[in-house]
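Student: Structure for the following, please:
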Amino acid sequence: MALPKISTGPLILAVCLAASAFAPGQAAKGKSKAPASPAQLVAIEERGTNLYLYERALLVSMEALKQSQIKAGLANVSDGENFSILVQLNPKGFKTAFGRLGGEKHCYFIDFLVDGEWQDTQPKTASTGKIVFLSPPQEDQSTFLAMARALNLVKEEKEALLPYKGHHYAVLPGQSAGSFYVYFYPRPEDKDTYFLGHDLRVKVEADEVKERRVMHRTILSFPNKADKQRERLEPVMGVHSAVVDELPEDTDVMHVLLRKPATKEMVITKTYLYEIEKSGRIKYLGPIKSFLKGSKVKAN
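Tutor: Numbers count the residues shown, from 1 in each chain. Next up is the predicted model:
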C-alpha cells in the first residue's frame, strides 16, 4: 500500500501478499534459493515495463475507439468467444487490433486497428493515432494470429488457475521466435484503486504451454488518492511480502509504473529484500537478516 510521510519519519508497513505459514524473513524448509542475479532482474524489469506499455496502449486504444466518429453499431462487429484486443509494441509506439480468431484458428480477422505513438516522457505515456475500421475485416496470418492462438490456448485453462472474472490480459513476445508470454491480471485501476496480485503468466511455444506461473496468490488494493485524513501527507513507499519465489515479479514492476501517485515498492521475500524504483529499475538490497541487524548492504 502507499505509505504516508509523517513528522516522526517515514512509516513502512509490510503487507502479506499471500496466505502462508511463515512471516517474511523466516527460514524456509531446506536451503534457500540464491537471490536473483543482475541478468534476472533486468529481464523482470523489461517484461514488467512492456506490461506497463501494453496496458497503457490497451486503455488508450479502447478510449480512442470509444471517442471516435465510427458508428456505435459497428463497434459490435467483433464479438463472440474468440474476440480479443491485442497490442503489438514497437520502439516508437504500438498497433492495437480489435478482432477475432477464426473457427479453424488459421486466421485472425481484424475489424479495427489503432495506431499510436509514445510520448517522450519517463515512464512513457501513449498518444493515439489513426483509427481504421476495416470492412471486410482484414485477415492476419502473422503476428496477430500467433498472439491470438497463444491467448486462446491459455484461456482454456485460465479459469482453473485464476477463478476471478475481472481481469485484463497481455500477450508479449518471448525470448525465442514463435514464443509468447500470456498474462492475466486484475484491472489495474477501478474507482481510484490499483490492484496487485491474483495474476498469472504462461509461456507458450509452438502452440504448447511450456510454463505456468501464478505470480501472487492473493490480491492487494492500493488507493489512487489519499483519504481525507491523509490528504496532506505525501506517499513515501509501498511494501509487500512475496512468498511464491525469492524475487520480484513482472507485475510488481508494471504496478509501480502504473500507480499514481508514483512511489517506490519494497518487495520482501522469504530471505531477501528488493526495491523497485519509480522508473521500474529493481535494486537488490541484500538478505533480510543482514538488513534487520543494521548491517550495511549494497544495492546492485
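
Student: Confirm Pro248 sits in a strand?
Tutor: No - using DSSP: H, G, I helix; E, B strand; the rest coil, the secondary structure at Pro248 is coil, not a strand.

Student: my guess is it contacts Tyr274, does it?
Tutor: Yes - the criterion here is CB atoms under 8 Å, and Pro248 meets it with Tyr274 at 5.2 Å. (Each C-beta comes from the backbone N, C-alpha and C, glycine too.)

Student: More neighbours: which of the two?
Tutor: Per other CB atoms under 10 Å, whichever of Pro248 and Tyr274 has more neighbours is Pro248, with 28 against 24.

Student: How about the secondary structure of Glu265?
Tutor: strand.

Student: Low-confidence stretches in the stretch 51-200 of the chain?
Tutor: 69-81, 122-123, 128-129, 163-165, 189-191 (pLDDT under 70).

Student: quick one, helices of it?
Tutor: 143-161 (DSSP state H, counting those that start in this stretch).

Student: ranges for the strands of this structure?
Tutor: 5-6, 9-10, 83-89, 93-101, 108-118, 126-140, 168-173, 179-185, 193-205, 208-223, 237-241, 264-268, 272-276, 282-287 (DSSP state E).

Student: now those as JSON lines including distance to Ser61?
Tutor: As requested, those are exported to JSON lines (distance: least, CB to CB, whole Å):
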{"stretch": "strand 5-6", "distance to Ser61": "37"}
{"stretch": "strand 9-10", "distance to Ser61": "38"}
{"stretch": "strand 83-89", "distance to Ser61": "7"}
{"stretch": "strand 93-101", "distance to Ser61": "4"}
{"stretch": "strand 108-118", "distance to Ser61": "4"}
{"stretch": "strand 126-140", "distance to Ser61": "7"}
{"stretch": "strand 168-173", "distance to Ser61": "12"}
{"stretch": "strand 179-185", "distance to Ser61": "17"}
{"stretch": "strand 193-205", "distance to Ser61": "20"}
{"stretch": "strand 208-223", "distance to Ser61": "25"}
{"stretch": "strand 237-241", "distance to Ser61": "28"}
{"stretch": "strand 264-268", "distance to Ser61": "27"}
{"stretch": "strand 272-276", "distance to Ser61": "26"}
{"stretch": "strand 282-287", "distance to Ser61": "28"}
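
Student: Tell me which of the ones you listed lies nearest to Gln40.
Tutor: Closest to Gln40 of the strands of the chain is strand 282-287 (CB to CB; 9.3 Å).

Student: That closest one pairs with which strands?
Tutor: strand 272-276 (antiparallel) (DSSP bridges).

Student: is the nearest residue to Pro35 once chain neighbours are set aside in a bridge, and if so with what?
Tutor: Excluding the flanking residues, the one nearest Pro35 by CB to CB, 6 or more residues apart in numbering is Tyr272, at 4.8 Å. Residues in a beta bridge with Tyr272, per DSSP bridges, are Pro287.

Student: Could you double-check that Tyr272 sits in contact with Lys289?
Tutor: No - using CB under 8 Å, Tyr272 makes no contact with Lys289, being 9.8 Å away.

Student: Please identify which of the two sits among more neighbours.
Tutor: Tyr272 (26 against 13).

Student: Please name the residues that touch that one.
Tutor: Residues in contact with Tyr272 (CB atoms under 8 Å, 6 or more residues apart in numbering) are Pro35, Ala36, Glu246, Leu247, Tyr284, Leu285, Gly286, Pro287, Ile288.

Student: do the same with Glu211
Tutor: Arg201, Val202, Lys203.

Student: Pipe those into CSV and attach pLDDT and distance to Glu157 per row.
Tutor: Shown next, in CSV, are the contacts of Glu211 (pLDDT from 0 to 100; distance: CB to CB, whole Å):
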residue, pLDDT, distance to Glu157
Arg201, 95, 13
Val202, 94, 8
Lys203, 96, 13
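
Student: so which of those residues comes closest to Ser279?
Tutor: Checking the contacts of Glu211 one by one against Ser279 (CB to CB), the nearest turns out to be Arg201, at 22.0 Å.
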